[in-house]
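Participant: any chance you could fold what I've pasted below:
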Amino acid sequence: MPTSEGDTEELLEGDPLIGSVVAEKYRILDLLGRGGMGRIYRAEQIPLGRLVAVKILGVDPEQAQRETFRKRFFLEAATLAKLKHPNNVTVFDYGHLPAANTFYMVMEYVEGVTLSALLRQEGALEVSRALAIAYEVARGLAEAHDIGVVHRDLKPANIMVVPGDEGERVKVLDFGIVKDLSREGEQLTGEHRILGSPTYMAPEQIRCADVDARTDVYSLGVVLYKMLCGKPPFRGDSPVAVLWAHLNTVVPTLRARVEVPEDVEQIVSRCLAKEPAERFEDMKAFRLAVRGALEGLGISSTRPGATTFDTESSEVREQVLLAPTKADEEPSRDTFTLDAAAVPDKRERRWLVPLLIGVLLVVVLLAGGSLVGLLGMAWSRFGPAPTVAPPDQPPVELVEPEPVVTPAADPVDEPEVDAAPEPSPLAEPPPEPTDSDLDILLQR
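Facilitator: Numbers count the residues shown, from 1 in each chain. Take a look at the predicted model:
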């Protein structure tokens with residue numbers, strides 16, 4: 001149906017959209033699913049030939065006309081469009097359908113099976129597979145929490161498992177935008193029904209209290225509980241009974257229903273704490289605990305079916321593999337794995353050898369330079385002095401006297417001639433240094 005034509009009643013109650021074009025560029029191919037918040041169609045983006053998923057929101061027409069609803073829809077849709085993590089479904093486009101007086105969102109089309117359908121087909125999953133799926137979900141939720149978005153409606157139906165050559169990929173769907181918008185600050189509708197899925201709701205949601213990342217931690221704990229034993233922790237004859245159990249009933253011990261390692265039991269129990277302050281503070285802390293449990297099982301991958309750990313940013317990888325955690329906030333790493341800081345690494349000591357050699361060379365060079373300086377000073381002080389005449393006294397020149405010839409008849413005694421003049425005082429050899437002089441020199 002083109003955006004300029006159509007009937008609101010047909011749009012919300014029937015399937016006239018199949019074969020039509022929405023927003024002049026999305027050709028609707030078939031219906032993928034429907035729920036209380038709207039219907040999702042498989043469509044083709046005409047200019048690109050790309051398959052997409054188009055969600056038509058099932059809101060009250062009168063509510064859709066409210067300006068506050070419109071503003072909040074576009075604000076939150078723009079926020080969700082910022083999600084780019086590979087574990088989140090990407091939002092490509094969104095807008096208003098005037099003819100139907102409702103709104104639409106265009107998202108990444110993912111071929112796979114929902115976790116809800118997978119559990120119906122296979123029942124409880126292996127511990128390693130369940131932990132790996134929960135880890136991938138936590139990665140996607142962490143990105144949403146970083147931009148201030150809380151899912152509020154996490155459940156197996158909103159988790160897609162996609163098979164691949166490198167193992168299963170996980171996608172988080174539907175961040176509960178309509179639930180948040182339609183209540184306009186209220187948790188209850190006109191019929192006093194709590195919007196959401198009672199089986200997976202956190203106690204603070206039921207109390208209409210403030211929600212944060214720990215609310216999604218609780219819901220993810222319920223999902224993990226069901227993946228491990230095939231059924232949720234609380235079931236009742238009515239939604240009210242289930243909500244009451246979330247508020248007041250102690251969570252049934254997981255190990256009483258299925259055989260799981262103790263650390264896995266502790267992870268689930270901490271997620272399902274009644275008070276938010278007693279849960280994991282965020283998805284990062286949850287992932288660290290899950291990764292420690294996987295390592296305890298001898299599993300080196302956080303992706304179901306993969307053989308190695310998924311590559312994350314260097315900062316996250318250092319925190320996951322090396323960083324110790326606080327005992328009161330994240331006991332899983334301290335309980336299940338060794339603290340890397342407490343185990344000396346041989347590689348950290350390899351730099352000592354070249355350092356010691358360098359210090360030794362510096363000492364030898366300094367000592368050698370000092371010795372050369374001392375020898376030079378000694379030589380200049382006690383070595384042979386140069387034969388240089390004083391400036392006021394001409395140098396003494398030794399001249400051999402000429403022989404005197406006298407007649408033989410009249411002999412005259414030859415004058416006494418010195419064989420050599422007395423040497424100059426400067427020619428005297430320097431005195432030998434005494435022990436006291438040498439000591440003084442060395443002391444300098």
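
Participant: all helices for the stretch 1-150 of the chain, in order.
Facilitator: Here the stretch 1-150 of the chain has its helices, by DSSP state H, counting those that start in this stretch, at 8-13, 61-64, 67-80, 115-122, 127-146.

Participant: including distance to Leu29 and mean pLDDT, could those go into TSV?
Facilitator: Backbone N, C-alpha and C define where each C-beta goes, glycine included. TSV is the format used below for these (distance: least, CB to CB, whole Å; pLDDT from 0 to 100):
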stretch	distance to Leu29	mean pLDDT
helix 8-13	17	44
helix 61-64	25	71
helix 67-80	23	84
helix 115-122	21	96
helix 127-146	26	96
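
Participant: will you turn those into TSV that also has distance to Lys274?
Facilitator: Formatted as TSV, these follow (distance: least, CB to CB, whole Å):
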stretch	distance to Lys274
helix 8-13	38
helix 61-64	33
helix 67-80	29
helix 115-122	25
helix 127-146	20
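
Participant: using a markdown table, please lay out those helices together with distance to Glu24 and mean neighbour count.
Facilitator: Putting the helices of the stretch 1-150 of the chain into a markdown table (distance: least, CB to CB, whole Å; neighbours: other CB atoms under 10 Å) gives the following:
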| stretch | distance to Glu24 | mean neighbour count |
| --- | --- | --- |
| helix 8-13 | 16 | 14 |
| helix 61-64 | 20 | 14 |
| helix 67-80 | 19 | 15 |
| helix 115-122 | 34 | 15 |
| helix 127-146 | 30 | 23 |
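
Participant: between these, which one is nearest to Met160?
Facilitator: helix 115-122 (7.4 Å; CB to CB).

Participant: tell me what the closest one is packed against?
Facilitator: Contact here means 3 or more CB pairs under 8 Å, 6 or more residues apart in numbering; DSSP states H and E; on that basis helix 115-122 packs against strand 159-162, helix 213-229.

Participant: pLDDT weak spots in the protein?
Facilitator: Within the chain, the stretches with pLDDT under 70 are 1-14, 36, 64, 176-195, 301-354, 362-365, 367-444.

Participant: repeat that with 50
Facilitator: 1-12, 184-193, 307-349, 387-391, 396, 398-399, 404-444 (pLDDT under 50).

Participant: show me it divided up by domain.
Facilitator: 17-108, 113-346 (automatic domain parsing).

Participant: let's have these in CSV, adding distance to Leu355.
Facilitator: Putting these into CSV (distance: least, CB to CB, whole Å) gives the following:
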stretch, distance to Leu355
domain 17-108, 43
domain 113-346, 16
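
Participant: just to revisit the earlier point, out of the helices and strands packed on helix 115-122, which one sits most buried?
Facilitator: Compared across those, helix 213-229 shows the largest average neighbour count, a mean of 25 (mean count of other CB atoms under 10 Å).

Participant: so what secondary structure elements neighbour that one?
Facilitator: helix 115-122, helix 127-146, helix 203-206, helix 262-271, helix 283-296.

Participant: out of these, flag the one nearest Asp216.
Facilitator: helix 127-146 (5.3 Å).

Participant: quick check: angle from the closest one to helix 213-229?
Facilitator: Helix 127-146 and helix 213-229 are oriented at 160 degrees to each other (axes from the mean of the first three to the mean of the last three CA atoms, to 10 degrees).

Participant: CA atoms only: put helix 127-146 into CSV for me.
Facilitator: Coordinates of each C-alpha in helix 127-146 appear next as CSV, following Å, rounded to 0.1, in the frame of the first residue of the first chain:
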residue,chain,number,x,y,z
VAL,A,127,25.8,-25.4,29.4
SER,A,128,28.5,-24.1,27.1
ARG,A,129,26.1,-23.2,24.3
ALA,A,130,23.7,-21.5,26.7
LEU,A,131,26.5,-19.5,28.3
ALA,A,132,27.9,-18.5,24.8
ILE,A,133,24.4,-17.3,23.7
ALA,A,134,24.0,-15.2,26.9
TYR,A,135,27.5,-13.8,26.4
GLU,A,136,26.6,-12.6,22.9
VAL,A,137,23.3,-11.1,24.1
ALA,A,138,25.2,-9.2,26.8
ARG,A,139,27.6,-7.7,24.2
GLY,A,140,24.7,-6.2,22.3
LEU,A,141,22.9,-4.9,25.4
ALA,A,142,26.1,-3.3,26.6
GLU,A,143,26.2,-1.0,23.6
ALA,A,144,22.6,0.0,24.2
HIS,A,145,23.3,0.8,27.8
ASP,A,146,26.2,2.9,26.9
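
Participant: by how many degrees do it and helix 283-296 diverge?
Facilitator: Using the same axes, to 10 degrees: helix 127-146 against helix 283-296 is 160 degrees.

Participant: help me confirm that Val251 comes into contact with Leu272.
Facilitator: Yes: shown here, Val251 and Leu272 form a contact pair, counting by CB atoms under 8 Å, at 4.7 Å.

Participant: overlap in contacts of these two?
Facilitator: Tyr225, Pro233 (CB atoms under 8 Å, 6 or more residues apart in numbering).

Participant: quick one, which of those two is more surrounded?
Facilitator: The neighbour comparison of Val251 against Leu272 (other CB atoms under 10 Å) goes to Leu272, with 26 against 18.

Participant: out of the helices of the stretch 1-150 of the chain, which comes closest to Val54?
Facilitator: helix 8-13 (12.2 Å).

Participant: distance of Val89 relative to Val106?
Facilitator: 11 Å (CB to CB, to the nearest Å).

Participant: can you list residues touching both of the two?
Facilitator: Ala53.
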